[in-house]
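# Quick one: sequence and predicted model below, then my questions.
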Amino acid sequence: MSHNQHLENPRPSLFSSRQRSRRLGIALLAGAGLLFPGRTGALNYTVAPSDTLYGLSLKFEVPLNRIIRANGLENEYIRPGEVLEIPLEGIESLEVQPGDTLSGLAEEFGLSRDEIRRYNRLESDMLRIGQKISIPPAVPEGEYQVLPGDTLLEIALNHNLSVEELRRINNLENDVIHPGDRLEITPPRPEGHLVKNGESIWSIARKYGIEMDELKSWNNLKEDVIHPGELLVLYRGIKPELALASLSVQPPEHATDRNISPPDITNPEIPREGEYFFSFPKQSRQPDVNYWEAPDASIIVDYRRANEVLDMFRKEISREPVEDSTLRGWHIVIDPGHGGLDPGAIVSVPDGNGNPVVITEDEYAYDISLRLYRALSEHGASVSLTVIAPDHQIREGTDPRCTFVHRKNEVYNLASQNTPGGWRPVGSSEGLDLRKTIAARQINSTAAAKKRNGSLYISIHADNTPDLPEGTAVLFDGMNEDEKKRSREFAETLVPYLGGGSFVHGQQLRVLEDNPADASVLVEVRNIHYTRNAWALRSPELREQDARRIARGIVAWAEKH
């Protein structure tokens, strides 16, 4: 059966039906007098009293960060009557900010470094703060926008296709293409999708270019809750068994149409709701700076649960291909800042309506730590955590207003600590020393020590520090001059990969003094004293970017040692 038989309208050669419907919607809005022409490829929009920046992002199908960048906004607060540029066809003039790198901008805007470099005719990857560059328009996943100098052969090779396949997918009669053309670089979408950990209805609908309401209707979903291993059909009227067959995955014998999963994708015995395991927050978002939720289980139970959730996370990582073996033989301890009884910094920032949105440092530091764990594993590293959580892995979230709730249920990653009379993570000197004890045991364990090339310790934070600049800070310290020297050298190796405005800063830090690793640093990934950084911390894409920047710096250190 052909995939295209399920489409009411065949796909045009260079423009998707999603793009055409988007243009129709914009035309209707223009007819209502809300829009007027701006620069080429953009529209100027007059903010209405009911508008939020997040809502405008959904309305125009333009990523939130592009609107913020195009208008030089510091946060999501917008005022009625204000005129915003909606960058439908890219950002014409983006000013490079502290922390920006070419690779970081590529990740932020879903492009490659080469695309941005060629689009701006840059001779190298170096950017200067204040430099003006242009960002190509957002291209949906599975599409490619032709750049000057591209050939069909080059595009095909870069996307693991033959020229014949690329012509067939796009209904091209010959190899002639022009800059600005949009090419489909994947075959028509499959008839089904098996939900992976961390995915949501929103992310899956976006991936395949369909509407959330359609996806829910076709799968008889009343709510937005889905679970890893579930099968979703991607066309109206498709039977689950046909959708599964299109994926070449065999279900377990007991599977039904709502219980189809590849073998061992997750542990069905672990209760799960959305992005949480075992226990779930009472609030959908952090309501204020004083709110917190106490653990709903003993420290012994939470330690067992945390290890089960972490084991699932490790299994999921092990299924992914290793990018390279640069970090093979290295053991890297990631110390998620704060946790347990210690939330770290808590700040309140305004959303698009001026209402407070509250950020709790430890919840986001843990998410970045897990993303860093995954990124380092892709380079062959052995990785461990000093603190673990019993209720979640990496969290994506679908609404940036629903900030992570402060839960005091994290535990130290040490069995002997999680017994009757044990205590959860605290910010005292004893608590910091315990993190180093845990790191020493992990580094010197039989598995980690075998054929070890070296060890590193990275403590992840996002502090509220008005005395430090806005860029990422890499802090170093040591018990003696040798330890300080190694810590500083490690910090200086990381900084070039963390973006313009990043800097090295010496500071007395107990967790870095007499640390068991060969070199250790504390990274203030984002200083949330600055509103823009607090907003950015809520973005899963930017948290992933932050983690991968650190990982690239660690790879650079390993290559030198």
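Looks like it came in fine. Numbering: from 1, shown residues only.

# Tell me where the model's unsure across the stretch 351-500 of the chain.
352-353, 398, 446-452 (pLDDT under 70).

# quick one, helices of it?
With helices called from DSSP state H, counting those that start in this stretch, the stretch 351-500 of the chain shows them at 361-377, 429-443, 446-449, 481-494.

# Pretty sure residue 413 sits against residue 390.
No - contact criterion C-beta atoms under 8 Å: residue 413 and residue 390 do not qualify, at 11.5 Å. Bear in mind the C-beta positions are built from the backbone N, C-alpha and C, glycine included.

# Which neighbours do those two have in common?
residue 306 (C-beta atoms under 8 Å, 6 or more residues apart in numbering).

# domain ranges for this protein?
What automatic domain parsing lists as the domains of the chain is 1-89, 272-560.

# Which one of the ones you listed lies nearest to residue 195?
Ranking those by distance to residue 195, with C-beta to C-beta as the measure, places domain 272-560 first at 11.2 Å.

# Quick one: distance of that closest one to the chain centre.
14 Å (C-alpha atoms, centre = their mean, to the nearest Å).

# Tell me how many other residues surround residue 370.
25 (other C-beta atoms under 10 Å).

# what sits against residue 403?
Residue 403 touches 285, 286, 357, 358, 359, 360, 538, counting by C-beta under 8 Å, 6+ apart.

# The third one touches residue 349, doesn't it?
To tie it back to what came earlier, the one meant is residue 357. Yes - with contact defined as C-beta under 8 Å, residue 357 counts as touching residue 349 (5.5 Å).

# ok, back up a step: tabulate the domains of the chain (CSV), appending distance to residue 194.
Output for the domains of the chain, formatted as CSV (distance: least, C-beta to C-beta, whole Å):
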stretch, distance to residue 194
domain 1-89, 17
domain 272-560, 13
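
# Which of those domains has the highest mean neighbour count?
Most buried of those by mean neighbour count (mean count of other C-beta atoms under 10 Å) is domain 272-560; its value is a mean of 19.

# what about that domain, start to end distance?
43 Å (C-alpha to C-alpha, to the nearest Å).

# again, but for stretch 293-301
Stretch 293-301 end-to-end distance (C-alpha to C-alpha) = 17 Å.

# what does stretch 70-85 give?
One end of stretch 70-85 sits 7 Å from the other (C-alpha to C-alpha).

# now stretch 281-298
With C-alpha to C-alpha applied, stretch 281-298 spans 17 Å between its terminal residues.

# what's in contact with it?
278-279, 302, 305, 343, 346-348, 356-360, 390, 401-409, 424.

# try stretch 299-313
Taking C-beta under 8 Å, 6+ apart as the rule, stretch 299-313 contacts 197, 266-267, 270, 277-278, 295, 297, 370, 373, 385, 388-394, 409-411, 413, 415, 418-420, 422-424.

# swap in stretch 114-134?
90-98, 100-103, 105-106, 109, 113, 135-136, 145, 147-149, 500-501.

# Then residue 532 would be within a strand, right?
No - counting by DSSP: H, G, I helix; E, B strand; the rest coil, residue 532 is not part of a strand but helix.

# which residues touch it?
74, 75, 470.

# Residue 366 too?
Neighbours of residue 366 in contact, by C-beta under 8 Å, 6+ apart: 336, 339, 387, 389, 410.

# now the second one, nearest residue through space, not along the chain?
Taking C-beta to C-beta, 6 or more residues apart in numbering, and ignoring the residues beside it in sequence, residue 339 has residue 410 as its nearest neighbour in space, at 3.8 Å.

# what separates the one you found from residue 333, distance-wise?
Note on residue 410: its distance to residue 333, by C-beta to C-beta, to the nearest Å, is 16 Å.

# Also residue 292?
Distance of residue 292 to residue 333, computed by C-beta to C-beta: 27 Å.

# and if you look at residue 73?
38 Å.
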